[in-house]
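Chemist: Next one to model:
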Amino acid sequence: MKPTRKPRIKTLEQARAFILRDKVCLIFGSKKSDLPSLWDLVDLPDRVPGQKGWGEKITAIWTWKNQLPAECPDEIFYGKLPGGLAVLMSLRHLRDVHYPQAHKDISECSPLARKIHHLIRTEPTTTTELRKALPPTLTKSALDRALVELQVTLNIVRSNAPEIRNDTWLRFTDQYPEFANLSGH
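Modeler: Here you go, the predicted model:
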């Protein structure tokens, strides 16, 4: 059972310090994992009844999941765990623990995942561009499953470039070239 933690994170810097200290945290909590989550630890107001849009808490968490790896690319990684759980982790933990356990060669991935990987091998590609390049009969859920598979196996990653607003995918080793030697690429 997950230990109960008192919410205490109010700033981006506090979130960064927590991730670097604790090594891994989910973006949102999950009954499938005992990992702590930003959702459980952020102490900002939720949306109040009648308020339009998102509350401060969800806005901060949703912004930080992209902002932390963009502003701290040598310290913080954003990716997915099995089951599609979104996670932030220290780059040290990624290198020393997670990558050796989670990385699978692209040849071990599904045919659709291999096709998507092939499409993004030369340049970063948005989800919309991928959808246009794949057969129109492909369902959104099949594309989403393949993208999660590629993220979980550490074959693709969302671009950390701060100016990018839409999910833009590139090969994991294009964003993290230091891992190329570890994976035999």
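Chemist: Pick out the residue closest to the middle of the protein.
Modeler: Among the residues of the chain, residue 79 comes closest to the average C-alpha position under Cα atoms, centre = their mean, at 2.4 Å.
Chemist: Surely it and residue 85 touch.
Modeler: No - using Cβ atoms under 8 Å, residue 79 is not in contact with residue 85, being 9.6 Å away. To be clear about C-beta, it is placed using only N, CA and C from the backbone, and glycine gets the same treatment.
Chemist: re earlier: over to the residue nearest to the centre of the chain: give its phi and psi.
Modeler: With angles defined as degrees, to the nearest 10, residue 79 sits at phi -160, psi -160.
Chemist: Which pLDDT value belongs to it?
Modeler: pLDDT for residue 79: 97.
Chemist: helix or strand for the closest residue in space to it that isn't next to it in sequence, which one?
Modeler: Leaving aside its sequence neighbours, residue 79 sits nearest to residue 151 (Cβ to Cβ, 6 or more residues apart in numbering; 5.5 Å). If you go by DSSP states H and E, residue 151 is part of helix 140-152.
Chemist: quick one, domains of the protein?
Modeler: 1-98, 103-185 (automatic domain parsing).
Chemist: can you give me the strands in this structure?
Modeler: With DSSP state E as the criterion, the chain has strands at 24-26, 76-81, 85-90, 125-126, 156-158, 168-171.
Chemist: who touches the longest helix along the chain?
Modeler: Longest helix in the chain, counting residues (DSSP state H): helix 56-71. With contact meaning Cβ atoms under 8 Å, 6 or more residues apart in numbering, helix 56-71 is reached by 12, 15-16, 19, 27-28, 38-39, 42, 44-47, 53-54, 76-78, 86, 88, 158, 160-162.
Chemist: among those, which ones are buried?
Modeler: For the contacts of helix 56-71, a neighbour count by 16 or more other Cβ atoms under 10 Å gives the buried set as 15-16, 19, 27, 38-39, 42, 76-78, 86, 88, 158, 160.
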